[in-house]
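Undergrad: Prediction below, plus the sequence it came from.
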Amino acid sequence: MYKTFLFFKKVFCFFLFDFKEEKERRKLKNHIDTLLVQAGNRKDPGTGAVSLPIHLTTAYAHKGIGESTGYDYSRTGNPTRTTLEETLAELEEGERGFAFSSGMAAIQAVLNLFVSGDELIVSKDLYGGSYRLFVQYEAQYGIKFHFIDTSDIGAIKGKISADTRAIFLESPTNPLMNEASISEVADIAKERGLLLIVDNTFYTPVAAETHYQWGGYGDSQRYEIFRGDTMMYWLALWS
């Protein structure tokens, strides 16, 4: 009886140890340093290169008519950019990542989601380029922007109407460094079925993620536009 007990104890300890090991492996796999150092690793089956090469070509050859490799012209797709976007999405636990040549290009891409008659609630303290673009869209396309103090949750709730489609935040704002509670605004957006768009302006993606605890988002979406003194600007999509 005692030997049977020892046997099952060993089996239990083995599975417990294996479970803990697997948990640690998963934790290590998802660690930011691991994700970054493994970005693009072994993704070049043509040559077997361990580190993904930087593709500088402008055009790509096809085996035949209609037999695309998935890449046609670097303006529409590039293996290096694809790996960057996939890595950014993985780091942010997003569905997709999109790289742009500028922060304003990312913002303009998001604005293409809206049509005449739609309304957006926007931080009143705002990067000048964003403000001018919003004013232009309002005059040219009939999209209404309500500029308010987005650190005031009551003010946000008071501006939501049947035509409201999204909330656009800068946090901290540029230039006054005002902060909004992104998690609280996320809860409002989720409750009302709105998109939440966040331009972090100053923080790096890592600093923005650690500085704010995002609210659960379920089946709604959020767009996050990252700026900073970097060559690539990007937008991550959650759904």
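TA: Thanks, I have the structure now. As the structure is a computational prediction, the values presented were derived from the model and not from experiment.
Undergrad: what are the ranges of the helices in this protein?
TA: 2-29, 32-37, 79-91, 103-111, 128-141, 153-159, 182-192, 205-211 (DSSP state H).
Undergrad: Least reliable of the ones you listed by average pLDDT, please.
TA: Among those, helix 2-29 carries the lowest mean pLDDT, at a mean of 49.
Undergrad: Kindly state the pLDDT recorded for residue 66?
TA: For residue 66, pLDDT reads 84.
Undergrad: Equivalent analysis for residue 31, please.
TA: pLDDT, residue 31: 76.
Undergrad: Neighbours of it, how many?
TA: The number of residues packed near residue 31 is 11, by other C-beta atoms under 10 Å. C-beta coordinates here come from the backbone N, C-alpha and C atoms, glycine included.
Undergrad: One more: residue 150?
TA: Count around residue 150 with other C-beta under 10 Å applied: 27.
Undergrad: check contacts around it.
TA: Counting by C-beta atoms under 8 Å, 6 or more residues apart in numbering, residue 150 touches 121-124, 156, 167, 169, 171, 180, 185.
Undergrad: Quick check on those residues: which are buried?
TA: By neighbour count, with 16 or more other C-beta atoms under 10 Å, the contacts of residue 150 hold 121-123, 156, 167, 169, 171, 180, 185 as buried.
Undergrad: Farthest-apart pair in those, please.
TA: 121 and 171 (13.6 Å; C-beta to C-beta).
Undergrad: and residue 165, how far is that from residue 199?
TA: Residue 165 sits 17 Å away from residue 199, going by C-beta to C-beta, to the nearest Å.
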